[in-house]
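[1] what follows is a protein structure lacking sequence information:
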């Protein structure tokens, strides 16, 4: 419990350094039209992806979705496909897409890996103070529901392959690996020049940590 409280306090500190994300009033029907043309092939028309490396978006919190779309648009988050798909979309269009997906029925959960559930549970809920790894639950909720106010994403039931890929990209950024920007993922830090929470935490994760956490998260519901 103490570990979870510490992790939660760190997340609150991170949130306090940034203004709460304001999403423009959105039009779900307009969002659906854009989704049909630009997004459905990878993320599904209702936000449930059949491609394990592409995230499910249905029921994801709208602030998170809007921020990620805006980050792709500005180039803060690098992905050639995403940037190409939204290059001609306005900020209002991004809000409409985010709003549409946020109001779809949330996805379910996968089976996970019973053999590593105990180890993954300890890491997810309690972290590992010997390596400076804080718990995932402090920001993402013990059940992986995220934090809609803070724009921390819901991760429960997400594709394990996608979660693993993102953790490795955060890790590469945190360690400053010699890879391309499209193989790194950054997130907001408390002040300019610092590494964000996810980069810092992921930099301390092993390949096994990432594998068991990804499988564990995919089974949360």
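    Great, that's in hand. Remember, it's a predicted structure, so these values are computed and weren't measured experimentally. Numbering: from 1, shown residues only.

[2] so residue 158 sits against residue 54, correct?
    No: the criterion here is CB atoms under 8 Å, and residue 158 misses it with residue 54 at 10.5 Å. No exception for glycine: its C-beta is placed from N, CA and C like everyone else's.

[3] and those two? which has more neighbours close in?
    residue 158 (25 against 18; other CB atoms under 10 Å).

[4] please tell me how far that one sits from residue 173.
    In this view, residue 158 and residue 173 are 20 Å apart by CB to CB, to the nearest Å.

[5] look up how far residue 94 lies from residue 84.
    15 Å.

[6] tell me which of the two has more neighbours.
    Neighbours per residue (other CB under 10 Å) separate residue 84 from residue 94, with residue 94 holding more: 24 against 11.

[7] so what's the more buried one closest to, chain neighbours aside?
    residue 69 (4.2 Å; CB to CB, 6 or more residues apart in numbering).

[8] list the contacts for the one you found?
    86, 89, 94, 97, 98 (CB atoms under 8 Å, 6 or more residues apart in numbering).

[9] mind listing what's buried along the strand or helix carrying it?
    Assigned by DSSP states H and E, residue 69 belongs to helix 62-74. Buried residues in helix 62-74, counting neighbours by 16 or more other CB atoms under 10 Å, are found at 62, 63, 64, 65, 66, 67, 68, 69, 70, 71, 72, 73.

[10] what do you get for stretch 132-146?
    133, 134, 135, 136, 137, 138, 139, 140, 141, 144, 145, 146.

[11] now that stretch, how far from the centre of its chain.
    Relative to the centre of its chain, stretch 132-146 is centred 12 Å away, using CA atoms, centre = their mean, to the nearest Å.

[12] residue ranges in the protein under the pLDDT threshold?
    Where the chain drops to pLDDT under 70, the residues are 1-19.

[13] middle-most residue in it, spatially?
    Centroid-nearest residue in the chain, with CA atoms, centre = their mean: residue 153, separated by 4.9 Å.

[14] I'd guessed it sits against residue 64; true?
    Yes: between residue 153 and residue 64 there is a contact under CB under 8 Å: 4.5 Å.

[15] what touches both of these two?
    With CB under 8 Å, 6+ apart, residue 153 and residue 64 have common neighbours residue 146.

[16] dump the contacts of residue 69 into a markdown table; add secondary structure and distance to residue 21 as well.
    Formatted as a markdown table, the contacts of residue 69 follow (DSSP: H, G, I helix; E, B strand; the rest coil; distance: CB to CB, whole Å):
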| residue | secondary structure | distance to residue 21 |
| --- | --- | --- |
| 86 | helix | 17 |
| 89 | coil | 17 |
| 94 | helix | 12 |
| 97 | helix | 15 |
| 98 | helix | 10 |
